[in-house]
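Chemist: pasted the sequence and its predicted model underneath.
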Amino acid sequence: MSAWLLLLALLYFVQGMPYGIQINFLPIILRTHGFSLTKIALLKLLFLPWLFKLLWSPYVDKYGSRKQWLMGTLVLQATVCLLTAFLPFSDISTLAFMLFLLNVCTSVSDISVDALAVEILSSEDVGLGNVAQVVGYKLGGVTAGALYMLLHHSFGHGFTYLLLAVVYMATLFVVIPLSLGTHKSTSSKEKTTLSPPSHTIREALLVPGTIWMVIYTTFYKCGENGSIHMVPMFLLDNDIPEGKVALCSGVIGSCMTILGSLFGGSVLKRYSAYEASCWLNPTRLFIMTVILISVSIWPWVPSLHATISNLLLLLACCQLFCSGLSTTVAFTWMMHLTQRAPEHLQITHYTILATSEVLGKLLSSSLLGYVADSLGYSSTFLLLSVAVGAITAMIVHPPPILKSLGTAAKE
């Protein structure tokens, strides 16, 4: 099983590379180039292909093998990165289009990797599997993002994309000799009678506990995720050095999410996902409240700006630690619920849950820039605190079936 966990970690690592550049580092560079918060936030729409997964996941599941889809998407990802490497950074529109294509390829790849994880992980290994997923993804993000930040000024943004293309091709050569692509639809008849995606989605939503879980996964990260992206913008707008903000919120912050995810694996050996969420969400609310207070008093205490800025960076790192922990807990919870679904619905079921998580983060991050530009930072952080508080209240009464899910030790 350890070899399979390493393979999953590698596949999620390469998935996380584009995300790390687009989320943690590109906004900082664009902000220093004078882009408005609204325009920076709209770049999050590049992640729309992750929402489309729900529509094409039944076809990915039925046609071709896991290996064929993985190999095909790796080749396409390498090609897109190679083309992007020769674009000038000033051509933002074309660069955005290429990143959109990269997200299309990555989202298709994610369906196959998630399906592989659901198939090969036993109930006892789900927690470790999700640690490999989250940590691999975060490591890919921080590695690519840090390279982008370090190399952007010296060599231009294209050099990083060349390195990404090399990594995708190296991963392809790892996948080629492996025997992991045997899954196909079981007969030609099944292929010709494939149910419309809407029917499959409806069936999956009827699995007990799914509707509550969809609502939870849609909103559990909205407040926290918004704060994680707004704190660096707030500090940059108040003349905190770009390098300091990028180091703390980007490199150190990404490492904190990885540590949080690893800690989540230890937590899930002792507690169910529900039990972990019961103390984790109030902790997230406390951190969010302190950030709100710090931002609100900023204009009134100029003598404390250095102290408050350092406190905000520390709190942002704490939020990122909790974010990594909550992601591991939530995805473990999701996968255990998916394994309770009928086998023919499992891939679509898991894709629904994963897509709802992306939807929540995408909506909050896309609208957040406009809200901040219109209402100011204090009001924005107040809304984010309310969002975290609502999730903290929601976790009090989940469906009974969900309370027993989330840890192999208790099943």
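Modeler: Here it is on my side, so go on. Since this is a predicted model, take the numbers as computed values, not measurements. Numbering: from 1, shown residues only.

Chemist: alpha carbons of whichever strand or helix holds M233, as PDB, please.
Modeler: Using DSSP states H and E, M233 sits within helix 222-237. Presented in PDB, the C-alpha positions along helix 222-237 are these (Å, rounded to 0.1, in the frame of the first residue of the first chain):
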ATOM      1  CA  CYS A 222     -15.700  30.200   2.200                       C
ATOM      2  CA  GLY A 223     -14.900  32.500   5.100                       C
ATOM      3  CA  GLU A 224     -11.400  31.100   5.900                       C
ATOM      4  CA  ASN A 225     -10.400  30.900   2.300                       C
ATOM      5  CA  GLY A 226     -11.500  34.500   1.700                       C
ATOM      6  CA  SER A 227      -9.500  35.700   4.700                       C
ATOM      7  CA  ILE A 228      -6.400  33.800   3.500                       C
ATOM      8  CA  HIS A 229      -6.500  35.700   0.200                       C
ATOM      9  CA  MET A 230      -7.500  39.100   1.700                       C
ATOM     10  CA  VAL A 231      -4.900  39.300   4.500                       C
ATOM     11  CA  PRO A 232      -1.900  39.600   2.000                       C
ATOM     12  CA  MET A 233      -3.800  42.200  -0.100                       C
ATOM     13  CA  PHE A 234      -4.600  44.200   3.000                       C
ATOM     14  CA  LEU A 235      -0.900  44.200   4.100                       C
ATOM     15  CA  LEU A 236       0.300  45.100   0.600                       C
ATOM     16  CA  ASP A 237      -2.100  48.000   0.400                       C
END
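
Chemist: how distant is the helix or strand following that helix from the center of its chain?
Modeler: Beyond helix 222-237 on the C-terminal side, the first helix or strand identified by DSSP H and E is helix 242-245. Here the centre of helix 242-245 is set off from its chain's centre by 23 Å, with Cα atoms, centre = their mean, to the nearest Å.

Chemist: and helix 242-245, which residues are buried?
Modeler: For helix 242-245, burial by neighbour count (16 or more other Cβ atoms under 10 Å) applies to V245. Quick note: C-beta positions are derived from backbone N, CA and C, even for glycine.

Chemist: packing partners of that helix?
Modeler: Helix 242-245 is packed against helix 26-32, helix 222-237, with contacts defined by 3 or more Cβ pairs under 8 Å, 6 or more residues apart in numbering; DSSP states H and E.

Chemist: and the next helix or strand after that helix, average pLDDT?
Modeler: Counting by DSSP H and E, the next helix or strand C-terminal to helix 242-245 is helix 253-267. Helix 253-267 shows a mean pLDDT of 86.

Chemist: and for stretch 376-391?
Modeler: For stretch 376-391, the per-residue pLDDT averages 93.

Chemist: out of the helices and strands packed on helix 242-245, deepest packed?
Modeler: Neighbour counts (mean count of other Cβ atoms under 10 Å) averaged over each of the helices and strands packed on helix 242-245 peak at helix 222-237, with a mean of 23.

Chemist: quick one: closest of the helices and strands packed on helix 242-245 to V108.
Modeler: helix 26-32 (22.3 Å; Cβ to Cβ).

Chemist: in the next helix or strand after the closest one, which residues are buried?
Modeler: Later in the chain than helix 26-32, the nearest helix or strand by DSSP H and E is helix 37-42. Neighbour-count burial for helix 37-42, with 16+ other Cβ under 10 Å as criterion, is recorded at L37, T38, I40, A41, L42.

Chemist: for the helix or strand just after helix 37-42, name the packing helices and strands.
Modeler: Next in sequence after helix 37-42, counting helices and strands by DSSP H and E, comes helix 49-62. Contacts defined by 3+ Cβ pairs under 8 Å, 6+ apart place helix 49-62 against helix 92-120, helix 197-205, helix 346-375.

Chemist: now those in a markdown table, with mean neighbour count and distance to P49?
Modeler: Putting the helices and strands packed on helix 49-62 into a markdown table (neighbours: other Cβ atoms under 10 Å; distance: least, Cβ to Cβ, whole Å) gives the following:
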| stretch | mean neighbour count | distance to P49 |
| --- | --- | --- |
| helix 92-120 | 20 | 4 |
| helix 197-205 | 16 | 16 |
| helix 346-375 | 21 | 10 |
